[in-house]
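Participant: predicted structure and sequence below. I'll ask about it afterward.
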Amino acid sequence: MTLLVVEGLTKRFGGVAAAKDVSFTLQAGEMLAIIGPNGAGKSTTFNMVGGQLRPDSGTIALDGASIAGLPARAIWKAGVGRTFQVAQTFVSMTVAENVQMALLSHHGRSRGLFRDARALYRDEALALLAGVGMRADAERPVSELAYGDVKRVELAVALASRPKLLLMDEPTAGMAPRERSSLMALTAGVARARSIGVLYTEHDMEAVFAHADRVLVLVRGEIIAAGTPEEIRANPRVKQVYLGE
Ligand code: ADP
Ligand code: MG
């Protein structure tokens, strides 16, 4: 099932076309990686899909409904979740409380309630934590966790809003290679099990080739290649322009 259809997305900053006529589709349960050099327009593309930036032109449809240019919160409510490069957790709260807070937002209740109702959505939070391998750390403050584990908690927080599409801009930045691979394997497993489409960026080629179903190559705001990891690896233009071969 096609979850996301992006057509002709364009964004200029002054004279620079950060994204130029970007078009792609993403299926439910699919891991789609965007790769490209620094400044290629990856974050710009993410931010247009997530509503942090308004496109100059182009269309974005999620499950057939137009979301292009809507405020970020409306896009989140329509089913687009996000993780951020800088972890967005509340470090003084416990792991479980962070997920409970996210569930509170998702169920449309005020975060102010939380002070008096620490048991709210607790079972649901623990189930989400079990799904990312963090159930045993539920009562620890996030400040005590290793960085890779904070990223797992962030994933559980993002899943709390039951997204159809998850946007992950450089999810493994700052992580050691083994942690990277384990976070991406976890994400791919969750995406497939829950039929969530994942759009992500990643610097490490091996991680991309290991975990992506399909790859888009963005150079100077334009998609120069799209295909399976095998097709991308063998694409002469990609080798020349991006991999420097
Ligand atoms: P990537 O994420 O692939 O590294 P970006 O999407 O961040 O690339 O940037 C694409 C281009 O747009 C770059 O030339 C960058 O300098 C420019 N750019 C991005 N955001 C802004 C902004 N808010 N204002 C001006 N220029 C920007
Ligand atoms: Mg970026």
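Facilitator: Structure received. Ligands and ions are numbered 1, 2, ... in the order given.

Participant: only C-alpha atoms for contact and neighbour calcs from this point on.
Facilitator: Will do.

Participant: by contact count, what packs against the longest helix along the chain?
Facilitator: Identified as the longest helix of the chain according to DSSP state H is helix 177-194. Judged by 3 or more Cα pairs under 8 Å, 6 or more residues apart in numbering; DSSP states H and E, helix 177-194 is in contact with helix 147-159, helix 205-211.

Participant: these two touch, right, residue 128 and residue 160?
Facilitator: Yes: taking contacts as Cα atoms under 8 Å, residue 128 lies within contact range of residue 160: 7.3 Å.

Participant: what do those two both touch?
Facilitator: residue 99 (Cα atoms under 8 Å, 6 or more residues apart in numbering).

Participant: ok now the helix or strand harbouring residue 130, how far from the chain's centre?
Facilitator: Here residue 130 sits within helix 122-131, counting by DSSP states H and E. Distance, stretch centre to chain centre, for helix 122-131: 20 Å (Cα atoms, centre = their mean, to the nearest Å).

Participant: and the contacts of that helix?
Facilitator: 96, 99, 100, 103, 135, 138, 153, 156, 159, 160, 190.

Participant: low-confidence ranges in the chain?
Facilitator: Low-confidence segments of the chain (pLDDT under 70): 84-88, 111-117, 242-245.

Participant: give me the neighbour count for residue 209.
Facilitator: 17 (other Cα atoms under 10 Å).

Participant: grab the nearest non-local neighbour of residue 158.
Facilitator: Nearest residue to residue 158 in three dimensions, chain neighbours excluded: residue 81, at 5.7 Å (Cα to Cα, 6 or more residues apart in numbering).

Participant: in the strand or helix carrying the one you found, what counts as buried?
Facilitator: Here residue 81 sits within strand 80-83, counting by DSSP H and E. The neighbour-count check on strand 80-83 (16 or more other Cα atoms under 10 Å) flags 80, 81, 82, 83 as buried.

Participant: helices or strands up against it?
Facilitator: Right, strand 80-83 is packed against helix 42-50, helix 147-159, strand 165-168 by 3+ Cα pairs under 8 Å, 6+ apart.
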